[in-house]
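A.B. asks: Coordinates for the following, if possible.
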Amino acid sequence: MLNILIHRYVLAILQRKNKTDCDEINRDLLAAMVLESTGPGADISLFEKFVASKRTRRLLVGEMIAYRNYFSGKIATRVCGLYLALGLDRIALQNLRARSWATRASALSELFRMDVPLDNSLLHVFLYDKNKYIREYARLFLIKQSPSDPLRFLAEENQPISHWEETEIFHLFEHDNQRKAPALNTLLSISNHPSLISLGLKLAAFFKEQEDIPAVLALVQIPDPRLRIEAIRTLGKMEARGAEETLVKQYEQETPEVQATILSTLGRIGSAGVVNFIERQFNESSSFEIKKHASDAIILLSKYSRAAIDRLLASTETLNRTILNHSLNPLINGL
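C.D. replies: Residues are numbered from 1 along each chain as shown. Take a look at the predicted model:
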């Protein structure tokens, strides 16, 4: 019991120290990086006292990474400059040789967040590390440092990636305006791991490159229904003209969930040729979900479906009129 009380007391003291030091670090960073962002480089003497102790150094790096996450442009560049001027990158590089996987993973994360480049030969060694976190950061580093075809090695390895890694890779492309759209054909292959295909679909929807449409369209035949749904949704986000015929042919053999997705996608693509098909599904289906998605699609196609809307509103079926009026409500669909 006494040991527990002593431990809690020591922990409370440490937490108070950390809070005091964090407040001081944040004040100094705010003054040097943000409030005086137009002046010369930051006075590193303000921060040198935090580098000597491992505890305060960790707090300082944590605050710097937070500033890198919150700010961009000149402020983010100044934070990186301060990080390098204090020699924190050299300490992190030394920690890459530590025995503890947690120390090595933390050092990799720190260098990645602070945009410190690493040698590709070292990263390829980390790709085969026993620890998954080190492998994930090595993959992120390689993608970040590869200006041309950065995703090829992912397809060549064909190893699963976590949701966290998928999000980080997506953010690399989303927040870097200098990056061109990557070649996605290697990821959008049925033989790849589902997590890689999912990443490829998200990037295809983000970049909307027309040359990726055939590869996405081929995934409409993939056995995994979750990936089929994601591929179909991606076609809608890409407004993939020319995909309508394939989707209409696929419709009858699909589950109700995939059918509803096809109807929504046809509405987003915005082609006049599918209006009659969608109207028929709305009239003939007994499923409320199918009717609702068909109704929303018809409204999205209102440029071509005015006659169909008038016919459906004149319908004697109360349910059909109710669903259609719901889709027509501008407070609901934003039209």
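
A.B. asks: quick one, what contacts residue 324?
C.D. replies: Going by Cβ atoms under 8 Å, 6 or more residues apart in numbering, residue 324 touches 295, 298-299, 309, 312-313. Any C-beta I mention is one placed from the backbone N, CA and C, and that applies to glycine too.

A.B. asks: can you give me the helices for the stretch 101-250 of the chain?
C.D. replies: Using DSSP state H, counting those that start in this stretch, the helices of the stretch 101-250 of the chain run over 101-113, 120-126, 132-144, 152-157, 163-174, 194-207, 213-218, 225-237, 244-251.

A.B. asks: Make a markdown table out of these and add distance to residue 281, mean pLDDT and mean neighbour count.
C.D. replies: Putting the helices of the stretch 101-250 of the chain into a markdown table (distance: least, Cβ to Cβ, whole Å; pLDDT from 0 to 100; neighbours: other Cβ atoms under 10 Å) gives the following:
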| stretch | distance to residue 281 | mean pLDDT | mean neighbour count |
| --- | --- | --- | --- |
| helix 101-113 | 48 | 93 | 19 |
| helix 120-126 | 51 | 90 | 14 |
| helix 132-144 | 42 | 90 | 20 |
| helix 152-157 | 37 | 81 | 16 |
| helix 163-174 | 33 | 87 | 15 |
| helix 194-207 | 24 | 91 | 21 |
| helix 213-218 | 21 | 93 | 18 |
| helix 225-237 | 15 | 94 | 21 |
| helix 244-251 | 8 | 93 | 16 |
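
A.B. asks: rewinding a little: filter the contacts of residue 324 down to the buried ones and express that as a PyMOL selection.
C.D. replies: Only the buried entries of the contacts of residue 324 go into this PyMOL selection, using 16 or more other Cβ atoms under 10 Å:
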select buried, resi 295+298+299+309+312
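
A.B. asks: Closest one of the contacts of residue 324 to residue 61?
C.D. replies: residue 299 (51.9 Å; Cβ to Cβ).

A.B. asks: Is that closest one in contact with residue 328, as I believe?
C.D. replies: Yes - Residue 299 lies in contact with residue 328 (Cβ atoms under 8 Å); the separation is 6.1 Å.

A.B. asks: one step back: tell me which of the contacts of residue 324 is nearest to residue 53?
C.D. replies: Closest approach to residue 53 among these (Cβ to Cβ): residue 299, at 62.8 Å.

A.B. asks: Spell out which helix or strand contains the closest one, please.
C.D. replies: According to DSSP states H and E, residue 299 maps onto helix 288-300.

A.B. asks: how big is the angle separating whichever helix or strand comes after that helix from helix 288-300?
C.D. replies: Next in sequence after helix 288-300, counting helices and strands by DSSP H and E, comes helix 306-313. Calculated by axes from the mean of the first three to the mean of the last three Cα atoms, to 10 degrees, helix 306-313 forms an angle of 140 degrees with helix 288-300.

A.B. asks: And the next helix or strand past helix 306-313?
C.D. replies: helix 318-328.

A.B. asks: Of all the residues in that following helix, which ones are buried?
C.D. replies: Those would be 320, 323-324, 327-328, for helix 318-328 by 16+ other Cβ under 10 Å.

A.B. asks: mind putting the residues you listed in a markdown table, distance to residue 269 and pLDDT included?
C.D. replies: As requested, these are exported to a markdown table (distance: Cβ to Cβ, whole Å; pLDDT from 0 to 100):
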| residue | distance to residue 269 | pLDDT |
| --- | --- | --- |
| 320 | 24 | 85 |
| 323 | 21 | 88 |
| 324 | 20 | 87 |
| 327 | 17 | 86 |
| 328 | 20 | 85 |
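
A.B. asks: what's the closest of the residues you listed to residue 193?
C.D. replies: Comparing the buried residues of helix 318-328 against residue 193 with Cβ to Cβ places residue 327 closest, at 38.0 Å.

A.B. asks: wait, what's in contact with the closest one?
C.D. replies: Here residue 327 is in contact with 292, 295-296, 298-299, 333 (Cβ under 8 Å, 6+ apart).

A.B. asks: mind checking how far it is from residue 295?
C.D. replies: Here the criterion is Cβ to Cβ, to the nearest Å. By it, residue 327 lies 4 Å from residue 295.

A.B. asks: Centre of the chain to stretch 292-311, how far?
C.D. replies: Averaged C-alpha coordinates place stretch 292-311 at 32 Å from its chain's average position (Cα atoms, centre = their mean, to the nearest Å).

A.B. asks: Nothing else from me, thank you.
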